[in-house]
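Student: Sequence first, then the predicted structure, then my questions.
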Amino acid sequence: MKLSFGERQPYRIWFDYLKTCLNDELLSNKVDRKFYKDWHLNLISSKYTPKRRRKVNGKLKIVKIDYPFDKWIEKHEHLFTDTSTTMRISSGTKSTKSILLEIPLNYSITKVQREVGKVLENKLNKRLSKFTITSNRALILPPLDYFLYAWKLRHSNKDIKLAELWTKVQEYIQKRQGKVSKLVGKGKLRRRALMSGDSNERKAILVSRNINKAQKILENVCKGIFTGNYADN
């Protein structure tokens with residue numbers, strides 16, 4: 001089973017958060033390397049040499065970049081796809097990927113069809129992939145993206161004022177929106193909503209909350225949880 005472009009996006013953001021953890025002096029020591037063994041962490045934190053050269057000061061040069069998600073997912077997509085399953089009559093043993101349901105022999109097909117939904121409510125429709133998204137709220141991807149960008153800006157420049165940081169995050173969102181405008185138009189990506197803020201004080205509060213949320217998500221990712229709980233309180 002191959003993931004579609006849209007289905008890949010939550011894992012791209014998970015990948016970006018994990019890469020940030022690996023490249024951070026404090027968070028890298030908290031990463032559960034046993035849990036992430038199959039992700040090949042050395043690859044994620046390595047540099048990649050693209051085939052195309054880039055212009056640097058007017059000259060074409062080979063420039064190494066952070067290892068891209070699109071290259072990594074080619075070899076690791078199987079980690080996020082469901083294992084193949086089929087419905088069958090059980091011999092009495094239950095696997096971790098199924099539910100053993102007893103049906104009285106005097107039940108008619110009609111009665112089974114009528115009652116099975118009630119019996120199995122909240123028991124089915126579970127992901128069986130090795131690595132699954134764990135979130136206590138609906139997963140809205142764009143905010144997760146700029147939470148992380150705000151966190152990175154803050155940690156690369158401790159002296160930057162929060163209101164100024166808010167402006168830089170806004171510029172980042174608009175720039176990203178421009179790059180993916182065609183995909184947004186085709187419905188492959190959601191339009192990114194800009195953060196509200198009508199005063200410097202309000203902007204500082206909003207961006208500070210976003211940084212704190214990113215910190216919580218990063219801490220969760222270290223433990224193998226994405227996104228986990230990242231509420232303000």
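Tutor: The structure has been received and is ready for your questions. Numbering: from 1, shown residues only.
Student: if you go through the chain in chain order, where are the strands?
Tutor: 47-48, 54-56, 59-61, 65-66 (DSSP state E).
Student: what's near enough to touch V112?
Tutor: I103 (C-beta atoms under 8 Å, 6 or more residues apart in numbering). For glycine as for every other residue, the C-beta is placed from the backbone atoms N, C-alpha and C.
Student: And the pLDDT for it?
Tutor: Note for V112: predicted pLDDT of 77.
Student: That one and E102, how far apart?
Tutor: Distance of V112 to E102, computed by C-beta to C-beta, to the nearest Å: 11 Å.
Student: any idea of the mean pLDDT in stretch 4-15?
Tutor: Mean predicted lDDT for stretch 4-15 stands at 92.
Student: which residues sit against it?
Tutor: 3, 44, 69, 72-73, 77, 80, 133, 139, 141, 144-145, 148, 183, 188-189, 221, 226.
Student: Would you mind checking the residues you listed for buried ones?
Tutor: 3, 44, 69, 72-73, 80, 133, 144-145, 148, 189, 221, 226 (16 or more other C-beta atoms under 10 Å).
Student: pretty sure W166 contacts S208?
Tutor: No: in this structure W166 lies outside contact range of S208 using C-beta atoms under 8 Å: 9.4 Å.
Student: Who has more neighbours out of those two?
Tutor: The neighbour comparison of W166 against S208 (other C-beta atoms under 10 Å) goes to W166, with 22 against 15.
Student: quick check, distance from the biggest helix by length in the chain to the centre of its chain.
Tutor: As assigned by DSSP state H, the longest helix anywhere in the chain is helix 200-222. Relative to the centre of its chain, helix 200-222 is centred 16 Å away, using C-alpha atoms, centre = their mean, to the nearest Å.
Student: Residues contacting it, please?
Tutor: Defining contact as C-beta under 8 Å, 6+ apart, one finds that helix 200-222 is touched by 14, 17-18, 20-21, 24, 27, 30-32, 143-144, 146-148, 150-151, 154, 161-163, 165-167, 169, 195-197, 226-230, 232.
Student: The same query, at a cut-off of 7 Å, please.
Tutor: Residues outside helix 200-222 that contact it (C-beta atoms under 7 Å, 6 or more residues apart in numbering): 14, 17-18, 20-21, 27, 30-32, 146-148, 150-151, 154, 162-163, 165-166, 169, 195, 197, 226-228, 230, 232.
Student: show me where this structure has helices.
Tutor: Going by DSSP H, the chain shows helices at 5-23, 41-44, 69-76, 109-119, 141-156, 162-179, 181-185, 200-222.
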